[in-house]
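*Asks:* Pasting a predicted model and its sequence here:
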Amino acid sequence: MDKFWTEDVLGPSFRALTLPLEPDDEGPRVATLVAYEPDGVAGHDTGHEPDGDAGQDSGQDVGAADPARAVLYLHGFSDYFFHEELARTLHAHGWAFFALDLHKYGRSMLPGQTPGYATSLEDYDADLEAAVTALARRVAARRGAPTVVDLVLIGHSTGGLIATLWATRNPGRIAALVLNSPWLDTLGTALVKRTARGVLTAVSRRRPKLRLRLPQAGVSLRRAGRSGHREWPVDPVWRPEAGFPITAGWLAAVLAAHATLAKGISVSAPVLVLCSTASTLGAAWKSAKLATDCVLDVVPMVRRAAELGPRVTIRRLPGALHDVFLSRGDVRRLAVDSAASWLDMYVPAGAADALVGPTAPRTPVRAWASPSRTGTPRSGGGQAAGRRTGPPLVGAPRVRTRPSGDREG
């Protein structure tokens with residue numbers, strides 16, 4: 001693995017690491033991990049991490065210090081990470097902030113690749129495993145001592161779908177899941193969905209890269225950007241106004257993932273869903289699209305979200321766009337503050353139960369000690385215990401497991 005972090009395109013407060021993956025039929029593949037580090041690492045950052053697993057052979061007790069709290073952000077389709085305000089706010093709340101540009105997206109796009117192309121959302125498991133390993137090594141380099149990590153996944157749109165299914169397949173590996181307008185369902189009746197999935201599956205087997213002519217929200221997003229609500233410059237190649245071409249293989253993969261959710265899953269970790277109160281769909285421009293979700297219908301989104309697990313919180317935000325963290329200033333600040341406050345309740349500083357690492361087991365482990373299973377957040381001992389001040393606590397990629405009373409089949 002490439003151990004050299006370099007300055008990211010977002011500026012000196014962000015660092016980036018290329019994560020090599022197994023090649024596919026289009027050639028080499030990589031993912032890119034981005035870290036928000038306004039203070040550098042341990043006072044100075046050479047960009048190079050020590051060989052081996054920092055702190056693992058030091059003889060120190062991995063649980064002796066408070067665990068680090070870290071978030072890993074996953075973008076949606078035709079997108080990449082550029083949410084500086086989100087990174088700064090969560091950093092101020094004591095979180096080590098990381099984001100992942102999946103293979104064939106954003107920083108990870110290579111010449112000759114089909115942007116955003118995949119034939120199964122499980123293809124991104126390799127990206128996530130590499131990112132979690134590198135994340136754990138990075139927090140170890142910052143602290144210089146072994147510790148554990150409370151990991152939270154934040155996923156937007158298709159990234160929310162990917163994060164949800166990964167969390168289901170890997171119970172006990174995250175402390176919480178935050179979904180930003182997740183794409184959890186497909187419009188239409190059950191019969192329409194089955195028919196569409198069957199047709200797409202057949203087509204994708206023969207011509208997986210066939211480009212489908214489907215309505216896109218590019219015009220609406222472009223018009224919203226001209227309104228002044230988009231306050232950040234974006235790369236037109238990494239985030240094109242009209243979106244990436246939609247291929248039969250990719251859409252079949254998304255519909256297969258939706259079918260998995262429809263059969264019923266259970267995310268053992270607590271889940272927060274942030275979305276708009278309304279949608280304004282269709283290709284025609286309407287001013288309402290400046291304050292609603294113009295990409296997905298929030299009604300089936302919320303209905304499916306409520307079924308994700310036993311501890312789901314849904315926060316609908318008036319005036320929010322599809323990406324709630326890109327809404328106008330007052331709305332996005334409410335969204336970011338809502339996420340930060342919710343995380344402080346459910347994953348307070350000093351919680352040492354949800355653990356991550358490069359060799360984390362796939363058998364369930366307890367996410368954290370909870371007084372009940374009714375969705376009540378664990379007490380952090382008051383405000384002082386529920387929120388860390390100063391820089392994030394970080395440490396080595398060591399994993400501890402314990403028996404769980406919340407096993408899933």
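*Replies:* Received the coordinates, thanks. Everything numeric in this text was worked out from a predicted model, so none of it was measured. Residues are numbered from 1 along each chain as shown.

*Asks:* residue ranges with poor pLDDT in this structure?
*Replies:* 1-3, 41-65, 187-202, 204, 214-230, 350-409 (pLDDT under 70).

*Asks:* What ranges does the stretch 151-300 of the chain have for its helices?
*Replies:* Assigned helices in the stretch 151-300 of the chain, in chain order: 158-169, 190-206, 218-226, 248-263, 298-305 (criterion: DSSP state H, counting those that start in this stretch).

*Asks:* what sits against Leu212?
*Replies:* 245-248, 251 (CB atoms under 8 Å, 6 or more residues apart in numbering). For the C-beta atoms, the positions are set from N, CA and C on the backbone; glycine is no exception.

*Asks:* after the lengthiest strand in the chain, next one along is what?
*Replies:* If you go by DSSP state E, the chain has its longest strand at strand 11-24. As assigned by DSSP states H and E, the chain's next helix or strand after strand 11-24 is strand 27-36.

*Asks:* What strands flank that next one, and is each parallel or antiparallel?
*Replies:* Sheet pairing of strand 27-36 (DSSP bridges) gives strand 11-24 (antiparallel), strand 96-101 (antiparallel).

*Asks:* Out of those, which is closest to Trp5?
*Replies:* strand 11-24 (4.3 Å; CB to CB).

*Asks:* For that closest one, buried residues please.
*Replies:* 13-19, 21 (16 or more other CB atoms under 10 Å).

*Asks:* Just the closest of these to Gly172, please.
*Replies:* Nearest to Gly172 out of these is Leu19 (CB to CB; 23.1 Å).

*Asks:* I'd assumed Pro28 was in contact with the closest one.
*Replies:* No - the criterion here is CB atoms under 8 Å, and Leu19 misses it with Pro28 at 11.8 Å.

*Asks:* any shared contact partners between those two?
*Replies:* Residues touching both Leu19 and Pro28 (CB under 8 Å, 6+ apart): none.

*Asks:* Excluding chain neighbours, give the residue nearest to Leu161 in space.
*Replies:* Once flanking residues are discounted, Leu161 sits nearest to Trp183: 5.1 Å by CB to CB, 6 or more residues apart in numbering.

*Asks:* Please name the residues that touch that neighbour.
*Replies:* 76, 157-158, 160-161, 254, 296, 301.

*Asks:* and the residues you listed, which two are the farthest apart?
*Replies:* Val254 and Met301 (13.9 Å).

*Asks:* the more surrounded of these two?
*Replies:* Met301 (24 against 21; other CB atoms under 10 Å).

*Asks:* Hmm, that one is touching Thr186, no?
*Replies:* No - judged on CB under 8 Å, Met301 makes no contact with Thr186 at a distance of 10.8 Å.

*Asks:* just to revisit the earlier point, would you turn the strands paired with strand 27-36 into CSV with distance to Gly319?
*Replies:* Putting those into CSV (distance: least, CB to CB, whole Å) gives the following:
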stretch, distance to Gly319
strand 11-24, 28
strand 96-101, 25
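
*Asks:* between the ones you listed, which gets nearest to Tyr346?
*Replies:* Tyr346 sits nearest to strand 96-101 of all these, at 16.9 Å, using CB to CB.

*Asks:* before we move on, back to that, compare the contacts of Trp183 and tell me which is most surrounded.
*Replies:* When the contacts of Trp183 are compared by neighbour count (other CB under 10 Å), Gly160 ends up highest, at 28 neighbours.

*Asks:* contacting residues around the residue lying closest to it once chain neighbours are set aside?
*Replies:* Distances taken as CB to CB, 6+ apart put Pro182 closest to Gly160, at 2.8 Å, once the chain neighbours are dropped. Counting by CB under 8 Å, 6+ apart, Pro182 touches 155-157, 160-161, 163-164, 273, 275, 301, 305.

*Asks:* ok, back up a step: just give me the closest of the buried residues of strand 11-24 to Leu290.
*Replies:* For those, the nearest to Leu290 is Phe14 (28.8 Å; CB to CB).
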